[in-house]
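Kindly return the folded structure for what I paste below:
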Amino acid sequence: MKFIIIGLGNFGTSLAIKLTDMGHEVIGVDKQMEKVDEIKDKITMAFCLDCKYQEAIASLPLKNTDVAIVGIGEDEGANLLTTALLKKAGVARLISRAVSPIHATILEAMEISEIVRPEEETAERWAKKLSTSGIVDSFELTDKYSIIEVKAPKSFWGKTIEQIGFSKNYNVIVLTIMKNVKEKNILGIFRRVTKPQIQGIAKADSVILEGDILVLYGHNDDIHNLLKISR
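Take a look at the predicted model:
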């Protein structure tokens, strides 16, 4: 896929590099030349442009771009102007960053359906990890539903998914089970540290063992209730 990321601060730069590492074509844009110089050798291409102006937006290859992301965070005005120009240009998919509730409200009023809030989303993930024992990671799908990775509680060890009754008793779905597997190094010797590996789609007869990580999907209240009861 082809991405254009406008705003190469910490968020924009990290996203651009990760997408490039995943094999995507990424064009980075920022009005500060030093930021462009820092990233130009790490992504497909980088331009120094001030995208709150129509001329700058018009110079970008928007027609051949799958996703345009406005990552500007330090200047809300520039963010909104850039987003408005991209929307007017009719990009295939437009995602914009919000740094405050008011900022998000304005983007919503502009009918921007995809809004990213990196600071808030990171805080949410850490709040879950810190407040609920066993959570390895989490991903908010909406404000009510999430996908989480959680260490299998001791009360689940030796039981199948069907015996526990995740869906029937707790209204939670087990998407997959990640098991800790020892890997060999280039000499064929097993490493001391184990690495979680996905076991494919979870089945009713899948047995949960000590050390397993469960990937769960459901309403936040149902997941919290499941983890509370199983401790």
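
tell me which element the spatially most central residue of the chain is part of?
Within the chain, one residue has its C-alpha closest to the average C-alpha position: by C-alpha atoms, centre = their mean, that is residue 139, at 6.9 Å. Taking DSSP states H and E as the criterion, residue 139 maps to strand 135-140.

Beyond that strand, next helix or strand please.
With elements assigned by DSSP H and E, the helix or strand that comes after strand 135-140 is strand 145-151.

And the strands in this structure?
For the chain, the strands defined by DSSP state E cover 2-6, 25-30, 45-48, 67-70, 94-97, 114-116, 135-140, 145-151, 173-184, 190-201, 213-219.

Give me the buried positions along the shortest one.
Neighbour-count burial for strand 114-116, with 16 or more other C-beta atoms under 10 Å as criterion, is recorded at 115, 116. The C-beta positions use only the backbone N, C-alpha and C, and glycine is treated the same way.

and residue 174, how many neighbours does it have?
When neighbours are counted by other C-beta atoms under 10 Å, residue 174 registers 20.

Please renumber the chain so that the first residue is 36 from this point on.
Okay, using 36 as the starting number, the last item reads as residue 209.

what is it paired to in the beta sheet?
residue 251 (DSSP bridges).

Which residues are in contact with it?
Residues counted as contacts of residue 209 (C-beta atoms under 8 Å, 6 or more residues apart in numbering) are 196, 201, 237, 241, 249, 250, 251.

at 10 Å what do you get?
Taking C-beta atoms under 10 Å, 6 or more residues apart in numbering, we find residue 209 in contact with 196, 199, 201-202, 236-239, 241, 243, 249-253.

try residue 248
For residue 248, the contacting residues are 169, 171-172, 183-187, 211-215, 231-233, by C-beta under 10 Å, 6+ apart.

of those residues, buried ones?
Applying 16+ other C-beta under 10 Å to those flags 169, 183, 184, 185, 186, 187, 211, 212, 213, 214 as buried.

Can you tell me who the fifth one pairs with across the strands?
Each beta-bridge partner of residue 186 is listed here, defined by DSSP bridges: residue 248.

distance of it from residue 170?
Distance of residue 186 to residue 170, given as C-beta to C-beta, to the nearest Å: 8 Å.

Find residues that contact each of the two.
Contact criterion C-beta under 10 Å, 6+ apart; residues shared by residue 186 and residue 170: residue 262.
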